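A.B. asks: fold the following for me, if possible:
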Amino acid sequence: LFPYQSLKLSDGRRLVMPNREPRRFASLVDIYTQDGKNIHTEIEVNKPFTINGWKIYQLSYNEQMGKWSNLSVFELVTDPWMPVVYVGIFMLLFGAVGMFLTASRNKEVKL
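C.D. replies: Residues are numbered from 1 along each chain as shown. You can find the predicted model right below:
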């Protein structure tokens, strides 16, 4: 009836599963900004759209309707502190590299 794959187990039984189907969940949206721009774009799951420091993620859809769903749920995320986080990460990396480079100079030779 449906295509399937089976796996023979050691006790003689078989585990049968339907073939996996690739899924793609996307929504065509119109985004209107405060400065009067109208942006027509497609937002997919795990591929957010970025605008004015905001990321728009497709969070969910009507799963009962499946691919015929006309309902999408979006999540808007902003993180104004992200540049500060990146500066902190780079400071840690440069500090660690600096410690390794100066460590050989600071060793004392004991006889």
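
A.B. asks: measure Leu59 to Glu44 for me?
C.D. replies: Leu59 sits 12 Å away from Glu44, going by Cβ to Cβ, to the nearest Å. C-beta coordinates here come from the backbone N, C-alpha and C atoms, glycine included.

A.B. asks: equivalent analysis for Asp30, please.
C.D. replies: Separation of Asp30 from Glu44 (Cβ to Cβ): 16 Å.

A.B. asks: more neighbours: which of the two?
C.D. replies: Neighbour totals were compared for Asp30 and Glu44, and Glu44 leads with 13 against 8 (other Cβ atoms under 10 Å).

A.B. asks: so who does that one touch?
C.D. replies: 24-27, 58 (Cβ atoms under 8 Å, 6 or more residues apart in numbering).

A.B. asks: can you list those residues in TSV and add pLDDT, distance to Thr78 and neighbour count?
C.D. replies: Shown next, in TSV, are the contacts of Glu44 (pLDDT from 0 to 100; distance: Cβ to Cβ, whole Å; neighbours: other Cβ atoms under 10 Å):
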residue	pLDDT	distance to Thr78	neighbour count
Arg24	78	26	8
Phe25	84	23	15
Ala26	87	22	13
Ser27	90	20	18
Gln58	92	17	21
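
A.B. asks: nearest to Asn70, of those residues?
C.D. replies: Ser27 (9.6 Å; Cβ to Cβ).

A.B. asks: chain neighbours aside, what residue packs nearest to Asn38?
C.D. replies: Tyr32 (5.6 Å; Cβ to Cβ, 6 or more residues apart in numbering).
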